[in-house]
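Visitor: Just the structure for this:
(one chain, ligands or ions: 1)
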Amino acid sequence: MNKRGFTTTILHSDRAKPIEHGATHKPVHSSAAFGFADARDLVRVFQGEQPGFVYGRQGTPTTAALEEKITRMEEGFLTVAFGSGMAAISTALFALLRAGDHFVSSSFLFGNTTSLFESFARLGVEVSFVDATDAANVEAALRPETRLVFVETIANPCTQVTDLAGIGELCRARGIVYVVDNTITSPCLFRPRDVGASLVVNSLTKYIGGHGNALGGALTDTGLFDWSRYPNISGLYKKGDVRAWGILQIRKKGLRDVGATLSPETAHHLAVGAETLALRMARTCGNAQALAEFLAAHPKVTKVYYPGLAGHPQYARAKSLFTGNSGILSFELVDGVDCFDVLGKLEIVISSTNLGDNRTLAIPVAQTIYFELGPERRAGLGIAESLIRISVGIEDPEDLLADFGQALGDR
Ligand code: PLP
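Guide: As a prediction, this is how the structure comes out:
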């Protein structure tokens, strides 16, 4: 049969293996532990010689069904699910890095990821933050002890688009693990495997879950990296297919020891949300483009950051890499217009810190997610004090534009 489309694949992935009673969804297996008729089988599963489940902290059939869906969405090799996006990032790096190692990160990152990387520095793992919109900056920061490069696709809040292909080529040539956080684009708009990513992060809390009602994260190995070249894989995990070594260490040394587990109930919730990802994304991208154009033409707005606007510095790159520009946009206001007055007047749009919800959300950036950095570092990163970030949802577009219009004083 021909390769199936994105949505067909997600909808029917549970039924790739028979389900009890002909159910169309995988059931929620909430058991914390799994029993064996023969203790030898328990040992085989425990030692990774045989597939199966022993204890819910390391996985359940329900989280495995979600992992399988994400692997298919990313056209990857294997996925591990976690209790949040941050759990996925922190656990993976905890499992893969040692004191004395170094890694390079984009400086345009989700604030909590920046904070996490600074904590790694305290534990003896050094990080260099560079402008990753140009692979040359990443190359200049590489050292003999550089173990990985970490980037996001479209950065939040100012929507810089990473030089994803250039960095992919660099990491391939140097044999360095390339980690791409695909949260903002989601596998519906972009597959990091296409630019050579080794590991892909998705916060499932955002577009994949989509409804703003469940937290989760995932890490997918694309199968491209040769883990036999990676110095930090323990002998315990050098078993079978070399493509699985990294993810095995992340599941065992990471998920098992850290315990940042996704619950089966939440995994089921997220899997149901994921079924409509492509439909929601199409509406989100259309709404975001319309809103970006509306704001860019508005006299009270000085600047709009959205990769779908022709004036965006990486407009051409976004067009060539992504099938849509996602739903994150930010804008600055003219002097004398208070961002809190505008936010206070919005009737549909909710002042909230999340993103990737079906509902449109707005947040004053400097005073919240960039608050801890202080004014100087904010200025260095180009974060204006009036900056408002919008996570565009799937409302009817005319209602959305009307809400922003009235909040900006158009009626
Ligand atoms: N990565 C990106 C790009 C994000 O924007 C976020 C959260 O906003 C995360 C990771 C963390 O995800 P979570 O909130 O599920 O921990």
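
Visitor: After whichever strand or helix holds residue 279, which helix or strand is next?
Guide: Under the criterion DSSP states H and E, the helix or strand holding residue 279 is helix 277-296. Going down the chain from helix 277-296, the next helix or strand is strand 301-305, by DSSP H and E.

Visitor: how much distance is there from that following strand to the middle of the chain?
Guide: Strand 301-305 sits 25 Å away from the centroid of its parent chain (C-alpha atoms, centre = their mean, to the nearest Å).

Visitor: Rounded mean pLDDT for the helix or strand just after it, please.
Guide: Helices and strands here follow DSSP H and E; after strand 301-305, the next one along the chain is helix 315-321. On average, the pLDDT along helix 315-321 is 98.

Visitor: what helices or strands is the helix holding residue 279 leaning on?
Guide: Here helix 277-296 touches helix 6-12, helix 186-189, strand 301-305, strand 328-333, helix 397-407, going by 3 or more C-beta pairs under 8 Å, 6 or more residues apart in numbering; DSSP states H and E. Where you see a C-beta, it was placed from the backbone N, CA and C, and this is true even at glycine.

Visitor: swap the cut-off to 6 Å and go again
Guide: On a contact count with 3 or more C-beta pairs under 6 Å, 6 or more residues apart in numbering; DSSP states H and E, helix 277-296 meets helix 186-189, strand 301-305, strand 328-333, helix 397-407.

Visitor: between that helix and strand 301-305, how big is the angle?
Guide: With axes from the mean of the first three to the mean of the last three C-alpha atoms, to 10 degrees applied, the angle from helix 277-296 to strand 301-305 works out at 150 degrees.

Visitor: lowest average confidence, helix or strand, in the chain?
Guide: The helix or strand of the chain with the lowest confidence, counting by mean pLDDT, DSSP states H and E, is helix 374-380 at a mean of 88.

Visitor: Need the residues that contact that one.
Guide: Helix 374-380 is contacted by residues 366, 370 when judged by C-beta atoms under 6 Å, 6 or more residues apart in numbering.

Visitor: On the C-terminal side of it, identify the next helix or strand.
Guide: Under the assignment DSSP H and E, the closest C-terminal helix or strand after helix 374-380 is strand 388-391.

Visitor: List the strands paired with that following strand, with their directions.
Guide: Within its sheet, strand 388-391 is paired with strand 328-333 (antiparallel), strand 361-364 (antiparallel), according to DSSP bridges.

Visitor: still on that earlier bit, for the helices and strands packed on helix 277-296, which one ends up most surrounded?
Guide: helix 186-189 (a mean of 27; mean count of other C-beta atoms under 10 Å).
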